[in-house]
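**Q** just the structure for this:
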Amino acid sequence: MKKIAVIAIDLHRGHLDPTVATMPLPTDKCKQVINANRVFFDECRKLEIPIIHLLTQYRNEQEILSNPAWYERANDPNATRKNVGKHNLEGMPGVEVIPELWDEQDILIDTKKRYDCFIATDLDFVLKANHIDSVWITGVNTNSCCLATSIDASVRDYDVTMVSDCVDTMDGEYYHEAGLKVFERAFGKVRSSKELVGV
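**A** Numbering: from 1, shown residues only. The predicted structure is shown next:
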């Protein structure tokens with residue numbers, strides 16, 4: 001029997017609280033993502049499925065802008081990710097999981113530095129220590145962090161499902177759908193929260 005965990009990616013104020021977000025989703029999308037994940041997490045906790053939150057956080061801009069693609073976007077005033085160089089630096093208000101999505105029994109990994117949640121974190125260790133072999137992916141952004149992490153989990157031989165109504169992107173609906181299609185075509189499953197837990 002599969003042992004499941006939820007990997008909740010960047011459900012923090014830096015994306016989902018329009019009052020402080022440096023790389024926000026549209027306001028209506030923020031509300032949708034928060035509400036969908038809140039309901040899903042509540043059901044998962046009832047089923048004793050652990051929630052592992054991955055939180056992006058940087059010591060300084062250099063840690064961000066050492067990535068060539070991010071450096072390029074930081075210098076493009078038309079890029080959706082133009083604020084990447086100022087995103088989730090230590091001490092900023094955005095560096096906090098949305099309070100209504102956090103529970104004391106959840107696990108927090110706050111060393112995420114790149115789109116792929118396995119890089120520079122102990123995510124793989126946490127999964128193995130808890131005997132997890134199946135992961136359900138939620139969070140932001142569908143076409144970058146969620147996609148990169150889902151693919152990496154798949155090639156590490158985890159059974160991976162992206163939860164379609166619990167992920168979204170600041171890049172718009174086209175890229176949200178594209179991310180789901182790319183993943184489902186070759187790497188794992190895409191299911192709604194209702195299909196997984198009945199809500």
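
**Q** which residue ranges of the protein form helices?
**A** For the chain, the helices defined by DSSP state H cover 13-16, 27-46, 61-65, 68-74, 123-129, 147-155, 173-186, 193-197.

**Q** so what touches the fifth one?
**A** Helix 123-129 is touched from outside by 5, 7, 52, 54, 107, 109, 117-118, 135, 156, 158, with contacts defined as C-beta atoms under 8 Å, 6 or more residues apart in numbering. Just so you know, the C-beta spots here come from the backbone N, C-alpha and C atoms, and that holds for glycine as well.

**Q** max pairwise distance over those residues: which two?
**A** Ile107 and Arg156 (18.0 Å; C-beta to C-beta).

**Q** out of the helices of the chain, deepest packed?
**A** helix 13-16 (a mean of 26; mean count of other C-beta atoms under 10 Å).

**Q** average pLDDT for it?
**A** Average pLDDT, helix 13-16: 98.

**Q** put the alpha carbons of that helix into CSV.
**A** Only the C-alpha atoms of helix 13-16 are listed here, as CSV (Å, rounded to 0.1, in the frame of the first residue of the first chain):
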residue,chain,number,x,y,z
ARG,A,13,2.7,35.5,1.4
GLY,A,14,5.3,36.3,-1.3
HIS,A,15,3.0,34.8,-3.9
LEU,A,16,-0.5,34.8,-2.3
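
**Q** can you spell out which helices and strands pack onto that helix?
**A** Judged by 3 or more C-beta pairs under 8 Å, 6 or more residues apart in numbering; DSSP states H and E, helix 13-16 is in contact with helix 27-46.

**Q** tell me what angle the helix it packs on forms with helix 173-186.
**A** With axes from the mean of the first three to the mean of the last three C-alpha atoms, to 10 degrees defining the directions, helix 27-46 sits at 40 degrees from helix 173-186.

**Q** which strands or helices does helix 27-46 pack on?
**A** Here helix 27-46 touches strand 4-9, helix 13-16, strand 51-56, strand 134-140, strand 159-168, helix 193-197, going by 3+ C-beta pairs under 8 Å, 6+ apart.

**Q** which one of the ones you listed lies closest to Glu100?
**A** Minimum separation from Glu100 across the helices and strands packed on helix 27-46 (C-beta to C-beta) falls at helix 13-16, 10.3 Å.

**Q** what does that closest one rub up against?
**A** Under C-beta under 8 Å, 6+ apart, the answer for helix 13-16 is 20-25, 30, 33-34, 56, 87-88, 92-96, 98, 140-141, 170.

**Q** please repeat the previous calculation with a cut-off of 7 Å.
**A** 20-25, 30, 33-34, 87-88, 93-96, 98, 140 (C-beta atoms under 7 Å, 6 or more residues apart in numbering).

**Q** cool, and stretch 23-36?
**A** Applying C-beta under 7 Å, 6+ apart, the contact partners of stretch 23-36 are 14-16, 18, 81, 83-84, 87, 98, 100-101, 140, 165-166, 168, 170, 193.

**Q** what about 6 Å?
**A** 15-16, 18, 83, 87, 98, 165-166, 168, 170 (C-beta atoms under 6 Å, 6 or more residues apart in numbering).

**Q** try stretch 164-177
**A** 25, 29, 33, 36-37, 40, 80, 138-139, 141-143, 146, 190, 192-193.
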